[in-house]
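J.: I need the structure of the sequence given here:
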Amino acid sequence: MKRTIWLIMLYLLYQVVFTFLVMLGQFLFMFAKNAAYGVVTDMSPAELLQSVGSGQYLGDTTTTIALGVLLAALAMLWTLYRHHYVYSDASFLHQKGALPVLLVCVPFIYTTMYMLNLLCGELDLPNLMEDSFIDLSGNVWGILSMALAAPILEECLFRGAIEGYLLRIWKRPWLAVTMSALLFGAIHMNPVQMVFGFLAGMVFGWLYYRTGSILPGIIGHILNNSLAVVSMQVCDKDTESLEALLGEAAQPYFLAAYGVILVLSAWYLYKKMKRNCNFYETGAV
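T.: Numbers count the residues shown, from 1 in each chain. Here you go, the predicted structure:
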């Protein structure tokens with residue numbers, strides 16, 4: 001578990017460091033711009049440093065956060081590949097029936113995420129970062145970080161690097177899948193995301209265990225986050241999904257149809273995804 005703890009700590013450290021560096025860069029740019037126009041500040045160096053930490057003088061805090069998250073994700077991805085925690089391996093794509101499996105993963109994951117969203121809605125858990133997510137969903141850097149960079153990084157880290165490692169050292173695969181899902185949920189530090197993240201992590205973890213590839217999880221994760229970004233821009237705070245825009249009367253039909261699709265796609269994947277890969281190395285893409 002030391003390796004797992006180290007990766008989680010490094011992941012959090014990158015978030016803090018790169019967000020601070022972006023804030024510092026923005027501050028220095030604005031400070032130099034003000035100086036060029038003859039606007040002089042009488043703040044001491046300590047006060048200047050404190051202003052950076054508090055976000056004072058920053059033009060767009062949303063862009064600052066988004067760029068920090070994006071750069072941290074890129075740095076963590078580089079670290080995972082540079083130190084061989086994950087590696088590129090296209091063997092899954094060369095297996096017979098790989099393309100149909102990937103295609104079926106799309107409706108399977110979409111309907112699963114829909115059901116999980118309904119469950120979390122019924123639990124009425126607080127969403128402490130809702131306003132921040134809405135702001136990020138309207139920012140180009142926020143969209144890139146939430147819909148693309150974060151899904152790729154999180155699958156490489158929690159499935160490839162962490163779950164792949166646990167599958168090699170633990171005799172019970174379900175325990176490795178559950179542990180990676182727990183860590184995935186906990187790292188979000190937001191009540192509704194913690195529950196949703198754990199349940200979604202179980203789904204992505206199962207896909208990784210059955211295929212030996214994080215590619216199905218990456219596709220599903222990008223799909224889920226991209227739809228969430230669209231929903232935050234299209235729906236209001238009381239509308240939990242795109243389907244809810246059609247009204248409450250349509251919800252039972254969506255639930256029934258998605259339930260059938262979920263069962264059929266899950267059955268297909270269970271039959272087609274044979275657990276025959278070896279986890280003797282790091283997690284493969």
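J.: Distance-wise, check the closest residue in space to residue 106 that isn't next to it in sequence relative to residue 2.
T.: Setting aside the residues directly before and after it, residue 106 is nearest to residue 223 in space (C-beta to C-beta, 6 or more residues apart in numbering), at 6.5 Å. To be clear about C-beta, it is placed using only N, CA and C from the backbone, and glycine gets the same treatment. Noted for residue 223: a distance of 34 Å to residue 2, by C-beta to C-beta, to the nearest Å.
J.: And the helices in the stretch 151-285 of the chain?
T.: Counting by DSSP state H, counting those that start in this stretch, the stretch 151-285 of the chain has helices at residues 164-169, 173-186, 191-211, 215-234, 251-272.
J.: where do the helices sit along the stretch 1-150 of the chain?
T.: Taking DSSP H, counting those that start in this stretch as the test, the helices found in the stretch 1-150 of the chain are 2-36, 45-54, 61-82, 91-94, 98-123, 130-137, 140-144, 150-154.
J.: Of those, flag the one that's most buried.
T.: Mean neighbours per residue, mean count of other C-beta atoms under 10 Å, is largest over the helices of the stretch 1-150 of the chain for helix 150-154, with a mean of 21.
J.: re the thing from before, burial count for the residue nearest to residue 106?
T.: For residue 223, the count of nearby residues is 17 (other C-beta atoms under 10 Å).
J.: residues contacting it?
T.: Contact analysis of residue 223 by C-beta atoms under 8 Å, 6 or more residues apart in numbering lists 106, 109-110, 113.
J.: Tell me how far residue 71 lies from residue 101.
T.: Separation of residue 71 from residue 101 (C-beta to C-beta) stands at 33 Å.
J.: Same check on residue 148?
T.: Using C-beta to C-beta, one gets 22 Å for the distance from residue 148 to residue 101.
J.: shaky segments in the stretch 101-250 of the chain?
T.: Along the stretch 101-250 of the chain, segments meeting pLDDT under 70 span 235-248.
J.: Try it again at 80.
T.: In the predicted model of the stretch 101-250 of the chain, residues 124, 127, 130, 232-250 satisfy pLDDT under 80.
J.: what number of residues lie near the closest residue to residue 161 other than its chain neighbours?
T.: Among residues not flanking residue 161 along the chain, residue 85 sits closest, at 4.0 Å (C-beta to C-beta, 6+ apart). Residue neighbour count, defined by other C-beta under 10 Å, stands at 20 for residue 85.
J.: Residue 85 contacts residue 160, doesn't it?
T.: Yes. Residue 85 lies in contact with residue 160 (C-beta atoms under 8 Å); the separation is 7.2 Å.
J.: for stretch 182-189, which positions count as buried?
T.: Neighbour-count burial for stretch 182-189 flags 182-185, 187-188 (criterion: 16 or more other C-beta atoms under 10 Å).
J.: so who does the closest residue to residue 205 other than its chain neighbours touch?
T.: Closest residue in space to residue 205, ignoring its immediate chain neighbours: residue 177 at 3.8 Å, by C-beta to C-beta, 6+ apart. Residue 177 is in contact with 163, 202, 205-206, 208-209, counting by C-beta under 8 Å, 6+ apart.
J.: between those, which is nearest residue 93?
T.: Each of these was scored against residue 93 by C-beta to C-beta, and residue 208 proved nearest at 14.9 Å.
J.: I'd like the distance between that closest one and residue 11.
T.: Distance, residue 208 to residue 11, using C-beta to C-beta: 18 Å.
J.: One more: residue 17?
T.: Going from residue 17 to residue 11 by C-beta to C-beta gives 11 Å.
J.: follow-up on the earlier one: take the helices of the stretch 1-150 of the chain and write them to CSV, including distance to residue 214.
T.: As requested, the helices of the stretch 1-150 of the chain are exported to CSV (distance: least, C-beta to C-beta, whole Å):
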stretch, distance to residue 214
helix 2-36, 15
helix 45-54, 36
helix 61-82, 11
helix 91-94, 9
helix 98-123, 12
helix 130-137, 24
helix 140-144, 20
helix 150-154, 9
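J.: how about these, which one is nearest residue 171?
T.: Of those, nearest to residue 171 by C-beta to C-beta is helix 2-36, at 16.8 Å.
J.: distance between the closest one and the chain's centre?
T.: 19 Å (C-alpha atoms, centre = their mean, to the nearest Å).
J.: Give me the packing partners of that helix, helices and strands only.
T.: Packing partners of helix 2-36 (3 or more C-beta pairs under 8 Å, 6 or more residues apart in numbering; DSSP states H and E): helix 45-54, helix 61-82, helix 164-169.
J.: nearest to residue 22, of the ones you listed?
T.: Residue 22 lies closest, by C-beta to C-beta, to one member of the helices and strands packed on helix 2-36: helix 61-82, at 4.6 Å.
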